[in-house]
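Student: structural data only, the sequence is not supplied:
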């Protein structure tokens, strides 16, 4: 179930859609932009996901003097920004070695389990992980592999969200899963490259805490 409402976002509330009935069915990607919203909603239902059409978001942000955070005050509800389409074909997971990063990935897997069974995924982890974190890193790899048809694991010294965006564009990933802590820098990257030669309109972004 989905509805539109006013939120704490930096763009008009009618751009954002709130979803309450999750996990979604297998056709979620095809229907995410549907106009048939607001029907048979459960009163006071808990919102579990926000979605928004990325070009509309960026057009609003471009109307400002400088790029702003996507949310004025990031909330605990994940945000999924999609462009030309929402495809679960190739997933890119940003794992930074923190418990919150592991939680974001696990929540994404649980939320979209019906949609990702045939997906391909890449996990990018820091080149150096403290010995105390190695067990958690292996658990994340196993968790992703148990949900997804094909999983790759890479270690890179990426320390900017722009590095992940560039990798996603180069390798034609369709969803980048990362933390809301990166939304300010991501907004700057998207603000800079929007409608440019490097823009890849099949890439969506899942942001969570």
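Tutor: Sure, I can see it. The model shown is predicted, which means the values in this text are computed figures rather than measured ones.
Student: any stretches of this protein with poor pLDDT?
Tutor: Applying pLDDT under 70 to the chain flags the ranges 1-7, 33-44, 63-68.
Student: how about the strands in it?
Tutor: 2-4, 16-19, 49-53, 79-82, 90-94, 120-125, 150-155, 175-179, 204-208 (DSSP state E).
Student: got JSON lines for those strands, with mean neighbour count and distance to residue 61 too?
Tutor: No exception for glycine: its C-beta is placed from N, CA and C like everyone else's. What follows is the strands of the chain, written out as JSON lines (neighbours: other C-beta atoms under 10 Å; distance: least, C-beta to C-beta, whole Å):
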{"stretch": "strand 2-4", "mean neighbour count": "16", "distance to residue 61": "19"}
{"stretch": "strand 16-19", "mean neighbour count": "22", "distance to residue 61": "14"}
{"stretch": "strand 49-53", "mean neighbour count": "21", "distance to residue 61": "11"}
{"stretch": "strand 79-82", "mean neighbour count": "24", "distance to residue 61": "11"}
{"stretch": "strand 90-94", "mean neighbour count": "24", "distance to residue 61": "22"}
{"stretch": "strand 120-125", "mean neighbour count": "21", "distance to residue 61": "26"}
{"stretch": "strand 150-155", "mean neighbour count": "14", "distance to residue 61": "31"}
{"stretch": "strand 175-179", "mean neighbour count": "25", "distance to residue 61": "18"}
{"stretch": "strand 204-208", "mean neighbour count": "24", "distance to residue 61": "14"}
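Student: would you turn these into JSON lines with distance to residue 104?
Tutor: As requested, those are exported to JSON lines (distance: least, C-beta to C-beta, whole Å):
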{"stretch": "strand 2-4", "distance to residue 104": "22"}
{"stretch": "strand 16-19", "distance to residue 104": "17"}
{"stretch": "strand 49-53", "distance to residue 104": "13"}
{"stretch": "strand 79-82", "distance to residue 104": "12"}
{"stretch": "strand 90-94", "distance to residue 104": "8"}
{"stretch": "strand 120-125", "distance to residue 104": "12"}
{"stretch": "strand 150-155", "distance to residue 104": "17"}
{"stretch": "strand 175-179", "distance to residue 104": "6"}
{"stretch": "strand 204-208", "distance to residue 104": "5"}
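Student: give the contact list for the residue nearest to residue 165 when sequence neighbours are not counted.
Tutor: Once flanking residues are discounted, residue 165 sits nearest to residue 189: 5.3 Å by C-beta to C-beta, 6 or more residues apart in numbering. Residue 189 makes contact with 161, 162, 165 under the criterion C-beta atoms under 8 Å, 6 or more residues apart in numbering.
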